[in-house]
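Enquirer: heads up, no residue letters with this:
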C-alpha cells in the first residue's frame, strides 16, 4: 500500500500576490507540503483569462501552477481592493510578493506598515536582486548571464533562476515560520529572496571548475557524459570508483585503475566506440544488470 504524501504545512495559510513564475512555483510547492494557498491577482481586463501573464503565454503552465490554489481578484490601487487584501491577510501565516520595493511602499505593503497591521504575518519578498539593487529590472536570462550561465547564443533549456528562486522562497517561508514559532510573542518576520542570488548559487559548480571542460563533470571524466548509441543517445554518470570499475568492465576496457583510465585521453574514444555498437535496449539491460547510472535518450 502506497504511503500518503507528507503534508507538514497542513493548517498553514499562504497568500501570494506574485505573478509570472517564481511566486506561483513557490506557491505550488507550499501547497504540495499541505499549506492552504490563495492567490490574489489584479482584476483581469475584459475577456482576458487572467491578469497573470503566464495564463496568456502558457495556459498549461498556469493551470499546473495553480492546481489546488484558490485564485481571487482585486485592484489593490483602490480602497475596495485594499480592504479585500487586508481581509485575506487576517489569519494568513505567509505572504509572498514579487513587487519591487517602491511598488510595495505604494501599496502600503512596506514592512513597517505590514508588520504593524499584521504582527504575526511572515513576508517572503521575491526580488530580482536583494538589498540596494532591488529596483533594477531583470529576468531569468539576465540573471543567468550575469553569473556566467549563458553560453554562446543559445537560450538555456529551462528557467533556472526562476525555479531556483521559487525553492529559495519556500525555504524562506519555512525559515520564517520556524522563527515565528520560537518568538515568545509569535511575531512574524521578513526575508528577501533574490533571483540573481539564486542564479549565483546555481553557478557555483561552474566557478569551482567542476563543470568546465577540465573538470570531472565537465568532460575530463569519460565516465560522465553523453554518447551516441545505435538508435539514440545515452547519458552516463559513472563517477564513483565502483561505477567506474563496472563501466570499464561492461565496455571491455582493460585497466587496473578504472578511475585513472576514465580520466585518460584515450578513454573517450574507447567509450564512444563501445556505445556506438549498442542499442538503447541493450544499454538499458546493461544498466539494470550491472547497477550502472545510465539513462537512454532519443
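Expert: Sure thing, it's come through. Note that the structure is a prediction, hence the values are computed from the model and not measured.

Enquirer: which strands and helices sit next to the helix ranked longest in the chain?
Expert: Longest among the helix segments of the chain by residue count, using DSSP state H, is helix 160-182. Using 3 or more CB pairs under 8 Å, 6 or more residues apart in numbering; DSSP states H and E, the elements in contact with helix 160-182 are helix 22-32, strand 94-97, strand 122-127, helix 140-146, strand 190-194, helix 195-202. Where you see a C-beta, it was placed from the backbone N, CA and C, and this is true even at glycine.

Enquirer: Residue 192 bridge partners, please.
Expert: Legend: beta-bridge partners of residue 192 under DSSP bridges are residue 125.

Enquirer: ok, back up a step: outside of the longest helix of the chain, which residues touch it?
Expert: Residues outside helix 160-182 that contact it (CB atoms under 8 Å, 6 or more residues apart in numbering) are 12, 14, 20-23, 25-26, 28-30, 33, 93-94, 96, 120, 122-124, 126, 140, 143-144, 149, 186-191, 193-199, 201-202.

Enquirer: Buried ones among those?
Expert: Those of the contacts of helix 160-182 that meet the buried threshold are 12, 14, 20-23, 25-26, 28-30, 33, 93-94, 96, 122-124, 126, 140, 143-144, 149, 188-191, 193-199, 201-202, by 16 or more other CB atoms under 10 Å.

Enquirer: Was I right to think residue 243 contacts residue 294?
Expert: No: with contact defined as CB atoms under 8 Å, residue 243 does not reach residue 294; the gap is 9.6 Å.

Enquirer: angle of the longest helix of the chain against helix 22-32?
Expert: Here helix 160-182 runs at an angle of 50 degrees relative to helix 22-32 (axes from the mean of the first three to the mean of the last three CA atoms, to 10 degrees).

Enquirer: mind listing what's buried in helix 160-182?
Expert: Those would be 160-170, 172-174, 176-177, 180, for helix 160-182 by 16+ other CB under 10 Å.

Enquirer: Rounded mean pLDDT for it, please.
Expert: Average pLDDT, helix 160-182: 98.

Enquirer: Turn the helices and strands packed on helix 160-182 into JSON lines, including distance to residue 223 and mean pLDDT.
Expert: Putting the helices and strands packed on helix 160-182 into JSON lines (distance: least, CB to CB, whole Å; pLDDT from 0 to 100) gives the following:
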{"stretch": "helix 22-32", "distance to residue 223": "33", "mean pLDDT": "98"}
{"stretch": "strand 94-97", "distance to residue 223": "42", "mean pLDDT": "98"}
{"stretch": "strand 122-127", "distance to residue 223": "39", "mean pLDDT": "98"}
{"stretch": "helix 140-146", "distance to residue 223": "28", "mean pLDDT": "97"}
{"stretch": "strand 190-194", "distance to residue 223": "36", "mean pLDDT": "98"}
{"stretch": "helix 195-202", "distance to residue 223": "24", "mean pLDDT": "98"}
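
Enquirer: is it possible to export these to CSV including distance to residue 275?
Expert: Rendered in CSV, the data for the helices and strands packed on helix 160-182 read as follows (distance: least, CB to CB, whole Å):
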stretch, distance to residue 275
helix 22-32, 36
strand 94-97, 46
strand 122-127, 43
helix 140-146, 31
strand 190-194, 41
helix 195-202, 29
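
Enquirer: any idea how far residue 265 is from residue 271?
Expert: Distance, residue 265 to residue 271, by CB to CB, to the nearest Å: 12 Å.

Enquirer: I figured residue 156 hits residue 149, correct?
Expert: Yes: between residue 156 and residue 149 there is a contact under CB under 8 Å: 6.7 Å.

Enquirer: mind listing what's buried in the helix-or-strand element of the chain with minimal mean pLDDT?
Expert: Ranked by mean pLDDT, DSSP states H and E, the helix or strand of the chain with the weakest confidence is helix 53-57, at a mean of 92. Using 16+ other CB under 10 Å as the burial criterion, the residues of helix 53-57 that qualify are 54, 55.

Enquirer: For that helix, which helices and strands make contact with it?
Expert: Checked by 3+ CB pairs under 8 Å, 6+ apart, helix 53-57 has helix 59-65 packed alongside it.

Enquirer: where's the helix it packs on relative to the chain centroid, distance-wise?
Expert: 16 Å (CA atoms, centre = their mean, to the nearest Å).

Enquirer: Repeat that for stretch 135-143.
Expert: Taking CA atoms, centre = their mean, one finds stretch 135-143 lying 16 Å from the centre of the chain it belongs to.

Enquirer: So for it, first residue to last residue, what's the gap.
Expert: 14 Å (CA to CA, to the nearest Å).

Enquirer: Name the residues that touch it?
Expert: 21, 100-102, 128-129, 150, 155-156, 159-162, 195-196, 198-199.
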